[in-house]
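Enquirer: One predicted model, sequence on top.
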Amino acid sequence: MNSPTRGTSAPAGKTRSTGSTTPASRTGPDGGNGPASDVTSPVVWTDCLGAGIGAAFSSRVGGVSSPPYDSLNLGLGVGDDPAAVVANRASLAEACGLRATDLAWMQQVHGRRVCYVGAGSSGPAEPADAMFTDVPGQVLCVLAADCVPVLLADPVARLVGAAHAGREGLAAGVVQALLEAMTAAGASAARMRAVTGPAICGGCYEVPDEMQARVAAAVRSGTTGRLAALTWLQQ
């Protein structure tokens, strides 16, 4: 589900444990100290994906978009000024110690299509809701509003992935499709680490019983802004 809110980003950092939470840390993209993990920073870092892997989530501050998109909106499809979005994406990259040209984005459609992203790519040419890479320095970005951004990594195989897991995409199996694609490329499910970004909670999102049952039947355990989540292999 998408709404005209600002995007945030999640570059991947070092991690020591697995899980589906997004604990903030001050670990920066080079393994040193990153931006403070509070709402005054454009980036909140997480260290949950493994050694040599960067990951973080953007906040709503530090951009140039005007209301109602103020200020760090990263989505081009919500009615914001495209020039402001481009500037915001550049600011996000700078806050992460990256270049704007390092970032790959998707045209997300609530499906389960997974794409491999090679060196220097700006993102899949066709609509997709998940992507993965084995290229150091190639940054994967996923946008979300109330949907769940999911980052996966196998720090041993040196593979990272990102998925846009809204209700429809989750029911369609987008996370499983990403896991399968990364496994086929050499990752191991036993070594895989995952982190989910900020998303709408059950207390703010009411659905009919029929919809709940349909999604629960497709997802083994049921949990569920438009924000941007980033992950990459560090050089």
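Expert: Structure's in. What do you need?
Enquirer: For the helix ranked longest in the chain, buried residues please.
Expert: As assigned by DSSP state H, the longest helix anywhere in the chain is helix 82-95. For helix 82-95, burial by neighbour count (16 or more other CB atoms under 10 Å) applies to 84-85, 87-93, 95. Just so you know, the C-beta spots here come from the backbone N, C-alpha and C atoms, and that holds for glycine as well.
Enquirer: Next: stretch 112-121.
Expert: 112-115, 117, 121.
Enquirer: ok, of these, which one's closest to residue 203?
Expert: Taking CB to CB as the measure, residue 203 lies nearest residue 112 of these, at 27.5 Å.
Enquirer: So the closest one is in contact with residue 168, correct?
Expert: No: counting by CB atoms under 8 Å, residue 168 is not a contact partner of residue 112; they are 9.4 Å apart.
Enquirer: what distance separates stretch 76-88 from the centre of its chain?
Expert: The chain centroid and the centroid of stretch 76-88 are separated by 18 Å under CA atoms, centre = their mean, to the nearest Å.
Enquirer: With just CA atoms, put it into PDB.
Expert: Extracted as PDB, the C-alpha positions of stretch 76-88 are listed here (Å, rounded to 0.1, in the frame of the first residue of the first chain):
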ATOM      1  CA  LEU A  76       8.500   9.900  -7.700                       C
ATOM      2  CA  GLY A  77       5.000   8.500  -8.000                       C
ATOM      3  CA  VAL A  78       3.100  10.400  -5.300                       C
ATOM      4  CA  GLY A  79       2.700  13.900  -6.800                       C
ATOM      5  CA  ASP A  80       5.800  15.600  -5.400                       C
ATOM      6  CA  ASP A  81       8.000  17.800  -7.600                       C
ATOM      7  CA  PRO A  82      10.400  15.400  -9.400                       C
ATOM      8  CA  ALA A  83      13.300  17.800  -9.000                       C
ATOM      9  CA  ALA A  84      12.800  17.800  -5.200                       C
ATOM     10  CA  VAL A  85      12.700  14.000  -5.200                       C
ATOM     11  CA  VAL A  86      16.000  13.800  -7.200                       C
ATOM     12  CA  ALA A  87      17.500  16.300  -4.800                       C
ATOM     13  CA  ASN A  88      16.300  14.300  -1.800                       C
END
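Enquirer: Return the mean pLDDT over it, rounded to an integer.
Expert: Taken as a whole, stretch 76-88 has an average pLDDT of 95.
Enquirer: what does stretch 113-124 give?
Expert: Stretch 113-124 comes out at a mean pLDDT of 97.
Enquirer: likewise stretch 183-198?
Expert: Across stretch 183-198, pLDDT averages out at 96.
Enquirer: for it, which positions count as buried?
Expert: 187, 192-198.
Enquirer: Can you redo the buried residues of helix 82-95 as TSV, where the extra columns are distance to residue 144?
Expert: Below are these laid out as TSV (distance: CB to CB, whole Å):
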residue	distance to residue 144
84	19
85	15
87	20
88	15
89	15
90	20
91	19
92	14
93	18
95	18
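Enquirer: Which of those residues lies at the shortest distance from residue 235?
Expert: For the buried residues of helix 82-95, the nearest to residue 235 is residue 93 (15.0 Å; CB to CB).
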